[in-house]
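Sharing a sequence plus its predicted fold:
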Amino acid sequence: MDKKAKISNHKVQSSDPIGIFDSGIGGLTVTNAILQVLPKESIVYFGDTAHLPYGEKSAAEIQSYSLKICDVLLEQHCKVILIACHSASSAAYETVKKHVGNAAEVINMIDPVIEHIRQEHASKKIGLIGTRQTVGSNVYQDKIKALTIPGSLHALATPLLAPIIESQFTEKEAIQAVISDYLNHPTLADIDALILGCTHYPLVKEQILKHYSSKSGASSSEISIIDSAEVVASYLKQWLNKNSLANKGKKAITRFYISSYTDSFVANTKTLFKEALELENYPLWD
Ligand code: DGL
């Protein structure tokens, strides 16, 4: 039986793994949040380190990488493919969904956050920080507009952040300065809530909070930080339960693939998971 037939003949079951992908370490923040609420789930993770940053790539490039990664995840019979990257969610969600068809559920980072805003922050002035791809695609802006809520969205591209984070957390003061410079931008003035619109950003949440707590004025410390990793993990849990697809048996596998082996990826996985993960090199293509 060829690979395609094997994929389409597979009947999705609760013991199947969850497939997660990102350009690099960002999706690990989502994986971490998922394992907090769904510790029994098996995970197959793909970090496309050979092609980061996605935020600076064209939509067509991101779509092409995403489809190839999906094939790797489908070969592993993933029941869900989670696009744990806002840039790929904004550029490739529809394309991926069409490609995957009924073989797995495709979840993106953006829709659960939009629903969270509708429920929790509908009348607020909301800031969004993300890559050039995410902000420039206008997907967030359009989806918020479609909600017809009284609140408003104010989006700022913060392209330096993901590469700085990916290259590891040295030079803390310099990182803090870059973050504060972005957060002081007039676009984000007087916001009530801030969406971390890139899966790398929870890794600098502490510095983001520090920025707001060090600002004088009562309102600055009251800004809600919308951590999309947590929002999506909770959405996934609900979805699995609703569809009777949460794993009830023993966790089988946790597999991490990266398309280019980098020391910073290894170091960052240790920081996040408090243990050395076994990473498999899975070189992609151009
Ligand atoms: N983690 C990705 C996101 O959420 C972006 C990082 C990159 O530019 O590769 O958009």
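That came through fine. Numbers count the residues shown, from 1 in each chain.

In the stretch 1-150 of the chain, where is pLDDT below threshold?
Applying pLDDT under 70 to the stretch 1-150 of the chain picks out residues 1-3, 5-6.

again, only using 90
Along the stretch 1-150 of the chain, segments meeting pLDDT under 90 span 1-11, 25.

Which residues of it lie near the ligand?
Listed as neighbours of the ligand in the stretch 1-150 of the chain under the rule Cβ under 6 Å from any ligand atom: 22-24, 26, 52-55, 85-87, 131, 134. Any C-beta I mention is one placed from the backbone N, CA and C, and that applies to glycine too.

ok, residue 211 touching residue 185?
No. The pair residue 211 / residue 185 is not scored as a contact, 11.8 Å apart, by Cβ atoms under 8 Å.

Tell me which of these two has more neighbours.
Higher neighbour count among residue 211 and residue 185: residue 211, with 20 against 13, using other Cβ atoms under 10 Å.

quick one: contacts for that one?
Contacts for residue 211 (Cβ atoms under 8 Å, 6 or more residues apart in numbering) come out as 176, 179-180, 183.

Among the residues of the stretch 1-150 of the chain next to the ligand, give me the pair with the biggest separation.
Spanning the widest gap among those are 24 and 134, at 15.1 Å by Cβ to Cβ.

Which residue ranges of the stretch 51-200 of the chain form helices?
Assignment of helices within the stretch 51-200 of the chain using DSSP state H, counting those that start in this stretch yields the ranges 59-75, 86-100, 110-120, 132-137, 139-147, 161-166, 172-183.

for the first one, packing partners?
Translated: helix 59-75. helix 3-9, strand 18-22, strand 43-47, strand 80-83, helix 86-100, helix 132-137 (3 or more Cβ pairs under 8 Å, 6 or more residues apart in numbering; DSSP states H and E).

Let me have those in JSON lines, extended by mean neighbour count and distance to residue 236.
Listed next are the helices and strands packed on helix 59-75 as JSON lines, based on neighbours: other Cβ atoms under 10 Å; distance: least, Cβ to Cβ, whole Å:
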{"stretch": "helix 3-9", "mean neighbour count": "12", "distance to residue 236": "21"}
{"stretch": "strand 18-22", "mean neighbour count": "28", "distance to residue 236": "7"}
{"stretch": "strand 43-47", "mean neighbour count": "25", "distance to residue 236": "11"}
{"stretch": "strand 80-83", "mean neighbour count": "28", "distance to residue 236": "7"}
{"stretch": "helix 86-100", "mean neighbour count": "23", "distance to residue 236": "14"}
{"stretch": "helix 132-137", "mean neighbour count": "22", "distance to residue 236": "20"}
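
mind giving me a markdown table with these and columns for distance to residue 261?
Output for the helices and strands packed on helix 59-75, formatted as a markdown table (distance: least, Cβ to Cβ, whole Å):
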| stretch | distance to residue 261 |
| --- | --- |
| helix 3-9 | 25 |
| strand 18-22 | 16 |
| strand 43-47 | 10 |
| strand 80-83 | 23 |
| helix 86-100 | 21 |
| helix 132-137 | 25 |
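
one step back: between the helices of the stretch 51-200 of the chain, which one is nearest to residue 263?
When the helices of the stretch 51-200 of the chain are compared by Cβ to Cβ, helix 161-166 sits nearest residue 263, at 11.4 Å.

burial measure for residue 233, as a count.
Residue 233 has 23 nearby residues by other Cβ under 10 Å.

give me the element it is part of.
Assigned by DSSP states H and E, residue 233 falls within helix 228-242.

how far out from the middle of the chain is the helix or strand following that helix?
Downstream of helix 228-242, the first helix or strand assigned by DSSP H and E is strand 254-258. Centroid displacement of strand 254-258 relative to its chain, using Cα atoms, centre = their mean, to the nearest Å, is 16 Å.

For strand 254-258, which outside residues touch it?
Outside strand 254-258, the residues that touch it by Cβ under 8 Å, 6+ apart are 17, 42-49, 72, 76, 265, 269, 277-282.

Can I get that strand in PDB? Just the C-alpha atoms.
The C-alpha trace of strand 254-258 is given here as PDB (Å, rounded to 0.1, in the frame of the first residue of the first chain):
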ATOM      1  CA  THR A 254       6.600  12.200  22.000                       C
ATOM      2  CA  ARG A 255       8.700  12.800  18.900                       C
ATOM      3  CA  PHE A 256      10.500  16.000  18.000                       C
ATOM      4  CA  TYR A 257      11.700  16.600  14.400                       C
ATOM      5  CA  ILE A 258      13.700  19.500  13.300                       C
END
